[in-house]
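A.B. asks: Please work out how this folds:
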Amino acid sequence: MESTLNQLVECVDANGNAVGTAPKLDVHLDGTLHRAISVFVFDDEGNELLQQRALSKYHAPGLWSNTVCSHPYPGESPRDAAYRRLKEELNMEAELCEVFVMRYRADVGEGLVEHEYDHVFVARALSEPKPNPEEVQAVRWMTKQEVSEGIANTPSAFTPWFRLAHEEVLNSLKTADHDRAKMMLTPQGDRATFLYEAFIAAAALPV
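C.D. replies: As a prediction, this is how the structure comes out:
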């Protein structure tokens, strides 16, 4: 765990430009904006793959979240990081499509803050997940409606970044509007900015 917390992440400015590096634990203690990835995997029927974070995670342990959420290494592309973490966490293959960037800040408990410039991907599963128990407590395929209802009914069971991004991910499967940018406030007060920079059509994915 100690070596993981000391891994370097890429710090960025509000436009996503790299401005340096810092240990992962430090940026979550002081709230420094840093680069991240989130992957939302769907099967050919449009079901969504959720993971329950391992109980050993240093923040948000045991909460349900999107398929993969992590950080690129400094200098690593978000896409390469997404493929890497799919293999490391779930030993899984998928076709990736980056759909938007989400800049958000959220309290994740124990004095820690997530302040991320988050590259969000949708993906089609090419294999079944084989969870790494050091990373993932459990996985579950759910319909989009089941996920939306779960977030609405028991938001505390889900990570804040997942709550912020989920409906916008579903919207990304239905539209190719490049120009939108909007603020979202959840009932918990979490805030995110959605930045549509380079939408790649995801129309082939089931909706």
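
A.B. asks: Check this protein for its longest strand and report it.
C.D. replies: If each strand of the chain is counted by residues according to DSSP state E, the longest one is strand 94-109.

A.B. asks: for it, packing partners?
C.D. replies: Packed against strand 94-109, as judged by 3 or more C-beta pairs under 8 Å, 6 or more residues apart in numbering; DSSP states H and E, are the following elements: strand 34-42, helix 78-90, strand 112-125, helix 160-172, strand 191-195. C-beta coordinates here come from the backbone N, C-alpha and C atoms, glycine included.

A.B. asks: now for the ones you listed, which one comes closest to V139?
C.D. replies: For those, proximity to V139 was assessed by C-beta to C-beta; helix 78-90 is nearest, at 7.1 Å.

A.B. asks: how far off strand 94-109 does the closest one point, in degrees?
C.D. replies: Interaxial angle of helix 78-90 relative to strand 94-109 (axes from the mean of the first three to the mean of the last three C-alpha atoms, to 10 degrees): 80 degrees.

A.B. asks: And helix 78-90, how far out from the chain middle?
C.D. replies: Distance of helix 78-90 from the chain centroid (C-alpha atoms, centre = their mean, to the nearest Å) equals 12 Å.

A.B. asks: ditto for stretch 7-22
C.D. replies: Remark: stretch 7-22 is offset 17 Å from the chain centroid, using C-alpha atoms, centre = their mean.

A.B. asks: related to what we said a few turns ago, can you say which of the helices and strands packed on strand 94-109 is packed in most?
C.D. replies: Each of the helices and strands packed on strand 94-109 was scored by mean neighbour count; the highest is strand 34-42, a mean of 26, by mean count of other C-beta atoms under 10 Å.

A.B. asks: and after that one, which helix or strand comes next?
C.D. replies: Going down the chain from strand 34-42, the next helix or strand is strand 48-53, by DSSP states H and E.

A.B. asks: can you pull the buried residues of that following strand?
C.D. replies: Neighbour counts using 16 or more other C-beta atoms under 10 Å place E48, L49, L50, Q51, Q52, R53 of strand 48-53 among the buried residues.

A.B. asks: quick one on the thing from earlier: got the helices and strands packed on strand 94-109 as CSV, with distance to G20 and mean pLDDT columns?
C.D. replies: Below are the helices and strands packed on strand 94-109 laid out as CSV (distance: least, C-beta to C-beta, whole Å; pLDDT from 0 to 100):
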stretch, distance to G20, mean pLDDT
strand 34-42, 10, 96
helix 78-90, 18, 96
strand 112-125, 13, 92
helix 160-172, 22, 90
strand 191-195, 21, 77
